[in-house]
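[1] Sequence below, structure please.
(one chain, ligands or ions: 1)
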Amino acid sequence: MRHPIAVFATMSHRVFNFSAGPATLPEPVLRQAQAEMLDWHGLGASVAEISHRSAPFIELAAQAEADLRQLLTIPDDYAVLFLQGGATQQQALIPLNFAVPGQAADYLVTGHWSQTAIRQAQPYVEARIVASGQAGGFRDVPARADWRLSPDAAYLHVTANETIHGVELRGRIEADVPVFADFSSSIASEPVDIRDYGLVYAGAQKNLGPSGITVVIVRRELLERAGQPRADILNYASHAARDSMLNTPATFNWYLLGLCLRWMLDEGGVQAFGTRNAARAARLYAAIDGSHGFYRNEVAPAVRSRMNVPFFLHDPALDAEFLRQAGERGLMGLKGHKVVGGMRASLYNALPDAAVDALIDFMQAFRQDHG
Ligand SMILES: Cc1ncc(COP(=O)(O)O)c(C=O)c1O
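    The predicted structure is shown next:
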């Protein structure tokens, strides 16, 4: 009998893609984009070929915002921005917009992306490390009792999900200052109360759609902060005042993101994804933990990421063969990030459940052959 993955791959020429981002997109979205590529909405032109100031595009943008508001239950007193520059650029813009010169801001360090956030912010703010998991190899989140929060901080920055280290912050964060969170790799993966945050940002290229567009959700009253001298293009308030069309936006990316939002709503929204994501991540972690040391994940169980599952083979000499055989079975994008090595399976919303089952089957078969 042929392996089901081989059959799947032959039928649709699409693999199961575990890439960390840019990542797999929902197949119906890709098909719709394909069907509409030459003639969008009867205009006789592609959506990529029309003005961002035209009525049909403005309608598209408004619909995407409405859909994102519905998907994430974003309250009216929060602005939603669709920007460029990726999550990394937001990490630099945050202190410019929300900290006055000489002010300090608090940073919780739970992995690689928390460190990036500090590096980007440092030219503009005194970044104080509240606590860091670095000494423990970023295998756990520092205990709340050990966080040294500053009452005079402009904000507290956290990384909701560490895409490389596979560490996820769980639960509400108590702080006297607004909490700003990098949700790049876990936005829309489960219900979250936006009111717990002053600002949420996410590069779209994981759960929300393609790279090249970045979502910022910010409590409107924070936009009144003076921040630091900066050009309009670096000013969140200016982007909000111009509906994210201060300059030419990433129109095609915005369109694809809009299709992904509709798809997520049609699939049952964040409630449905939350349940599904928790269940399948648990299945994969159970397979790793139950492998008698053949595979291992070193993150403390309470903070293991549901979106990005890094794991190691007991013998790194087998890594190349593991990846080769996985590729043969249509399992793509499993090589770990170079910072940690090993393997990583990213389980974003658009990844079918069958992909996770196929990965687990393959891991068991590989272990039998090489154990
Ligand atoms: C959690 C997190 N933050 C920030 C980034 C950087 O995003 P970008 O490449 O959009 O700047 C990434 C990229 O993978 C990420 O996973």
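[2] going forward, measure contacts between C-alpha atoms and count neighbours the same way
    OK.
[3] heading toward the C-terminus, what's the first helix or strand past the lowest-mean-pLDDT helix or strand in the chain?
    When each helix and strand of the chain is scored by mean pLDDT, DSSP states H and E, helix 4-12 comes last, with a mean of 50. Per DSSP states H and E, the first helix or strand lying C-terminal to helix 4-12 is strand 16-17.
[4] name the helices or strands packed onto that next one?
    Secondary-structure packing of strand 16-17 (3 or more C-alpha pairs under 8 Å, 6 or more residues apart in numbering; DSSP states H and E): strand 331-332.
[5] The following helix or strand past the strand it packs on - contacts with which helices or strands?
    Remark: after strand 331-332, the chain's next helix or strand is strand 343-346, criterion DSSP H and E. For strand 343-346, the packing partners by 3+ C-alpha pairs under 8 Å, 6+ apart come out as strand 308-313.
[6] close to the ligand, is the strand it packs on?
    No: on the criterion C-alpha under 6 Å from any ligand atom, strand 308-313 is out of touch with the ligand, staying 9.5 Å away.
[7] what's that strand in contact with?
    20, 163-166, 281, 285, 288, 294-298, 319, 336, 341-347 (C-alpha atoms under 8 Å, 6 or more residues apart in numbering).
[8] which of those count as buried?
    20, 163-166, 281, 285, 288, 294-298, 319, 336, 342-347 (16 or more other C-alpha atoms under 10 Å).
[9] Out of these, which are close to the ligand?
    By C-alpha under 6 Å from any ligand atom, the members of the buried ones among the contacts of strand 308-313 lying near the ligand are T163.
[10] Residue numbers of this protein in contact with the ligand?
    Residues of the chain lying close to the ligand (C-alpha under 6 Å from any ligand atom) are G86, A87, T88, W113, N161, E162, T163, D182, S184, S185, G203.
[11] swap the cut-off to 5 Å and go again
    G86, A87, T88, T163, S184, G203 (C-alpha under 5 Å from any ligand atom).
[12] can you put those in CSV and add secondary structure?
    Converted to CSV, the residues of the chain next to the ligand look like this (DSSP: H, G, I helix; E, B strand; the rest coil):
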residue, secondary structure
G86, helix
A87, helix
T88, helix
T163, coil
S184, coil
G203, strand
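[13] Pick out the most distant pair among those residues.
    Using C-alpha to C-alpha, the residues of the chain next to the ligand span at most 14.7 Å, a distance reached by G86 and T163.
[14] Please, where are all the helices along the stretch 201-350 of the chain?
    Shown for the stretch 201-350 of the chain, the helices assigned by DSSP state H, counting those that start in this stretch span residues 236-241, 251-266, 269-289, 319-328.
[15] could I get the ones you listed as CSV with mean pLDDT?
    Compiled in CSV, the helices of the stretch 201-350 of the chain are given as follows (pLDDT from 0 to 100):
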stretch, mean pLDDT
helix 236-241, 98
helix 251-266, 98
helix 269-289, 98
helix 319-328, 98
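[16] most neighbours per residue, which of those helices?
    Comparing these by mean neighbour count (mean count of other C-alpha atoms under 10 Å), helix 251-266 comes out on top with a mean of 21.
[17] Next, name the residue at the spatial heart of this structure.
    Nearest to the geometric centre of the chain sits S185, at 1.8 Å (C-alpha atoms, centre = their mean).
[18] In contact with L334: list those residues for me.
    F18, S19, L323, M343, R344, A345, S346.
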